[in-house]
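Student: All I have is the shape, not the residue letters:
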């Protein structure tokens, strides 16, 4: 990984390219991120930097975290995230990383927390098909139906797709294009949709599968 940032999802809009083609984009407020800690092979066994994003009141920070920020001599941050960069020699504790870390045309992976949908049935959660709605099926057209087990093994296998909690989980979208970078306002326009609700925290990093 060469670069990474923590950001906040602002929402979706559209831009137009030089040919007048509409590009749906998600706008992310990426940074400013403060470098809180620098980890090295000698002290921690690997090279990485820890960055913080978002303002938080001092009274909202517990004592261990308050000491961690005081040691780095930086203001408390709401979200902390580590990035294993290829070269950390040019980065020091206290540095500010902004949206201009990324450039137009970069391929990135975006990690976010998906929207919570509460308890959902098997059709909405796993795309099950409906049962027939005639000849005595009754009011169970959207039920899961038989679970498949008979007298042997007389149980339901672990991992069976059933109704339950949907959403509110870590989701990664890979190989998204950076369409526009507004360094002055720390805004990045990313082609396509990004997981999570408006105001949700997202992590931007170099694409791991882009050649």
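Tutor: That came through, no problem. The structure presented is a predicted model; accordingly, all values stated were derived computationally and were not measured. Numbers count the residues shown, from 1 in each chain.

Student: Run through who's touching the lowest-mean-pLDDT helix or strand in the chain.
Tutor: In the chain, the helix or strand scored least confidently by mean pLDDT, DSSP states H and E is helix 41-44, which has a mean of 88. Residues from elsewhere that reach helix 41-44, judged by Cβ atoms under 8 Å, 6 or more residues apart in numbering: residue 47. In this view, the C-beta of every residue, glycine as well, is placed from N, C-alpha and C.

Student: next helix or strand past that helix?
Tutor: Downstream of helix 41-44, the first helix or strand assigned by DSSP states H and E is strand 48-55.

Student: how about low-confidence regions in the protein?
Tutor: Applying pLDDT under 70 to the chain flags the ranges 211.

Student: Just the strands from it, written as ranges.
Tutor: Taking DSSP state E to define them, one finds strands in the chain at 4-16, 22-30, 33-39, 48-55, 77-83, 96-97, 107-113, 118-120, 164-166, 170-182, 187-191, 201-206.

Student: Mind listing the strands the third one pairs with, and their directions?
Tutor: When pairing is defined by DSSP bridges, strand 33-39 lines up against strand 48-55 (antiparallel), strand 96-97 (antiparallel).

Student: Same question for the fifth one.
Tutor: Each strand that strand 77-83 pairs with, and the sense of that pairing, follows from DSSP bridges: strand 48-55 (antiparallel).

Student: Just the buried positions in the strand it pairs with, please.
Tutor: Across strand 48-55, burial judged by 16 or more other Cβ atoms under 10 Å covers 48-54.

Student: repeat for stretch 186-200
Tutor: Residues of stretch 186-200 classed as buried by neighbour count (16+ other Cβ under 10 Å): 186-190, 194-196, 200.

Student: buried residues in the biggest helix by length in the chain?
Tutor: The longest helix of the chain (DSSP state H) is helix 63-72. Neighbour-count burial for helix 63-72 flags 65, 68-69, 72 (criterion: 16+ other Cβ under 10 Å).

Student: from the residues you listed, which is closest to residue 29?
Tutor: The shortest approach to residue 29 among the buried residues of helix 63-72 belongs to residue 69, at 21.5 Å (Cβ to Cβ).

Student: how about the nearest residue to the closest one, chain neighbours excluded?
Tutor: Closest residue in space to residue 69, ignoring its immediate chain neighbours: residue 76 at 5.0 Å, by Cβ to Cβ, 6 or more residues apart in numbering.

Student: Next up, the contacts around the one you found.
Tutor: Residue 76 makes contact with 52, 55-58, 60-61, 65-66, 69, according to Cβ under 8 Å, 6+ apart.

Student: who touches residue 84 in this structure?
Tutor: Residue 84 neighbours (Cβ under 8 Å, 6+ apart): 1, 46-48.

Student: from the buried residues of helix 63-72, which single one is nearest residue 115?
Tutor: Comparing the buried residues of helix 63-72 against residue 115 with Cβ to Cβ places residue 65 closest, at 28.1 Å.

Student: how much space between the closest one and residue 89?
Tutor: 27 Å (Cβ to Cβ, to the nearest Å).

Student: isn't residue 100 right next to residue 181, touching?
Tutor: Yes - if you go by Cβ atoms under 8 Å, residue 100 and residue 181 touch, sitting 6.2 Å apart.
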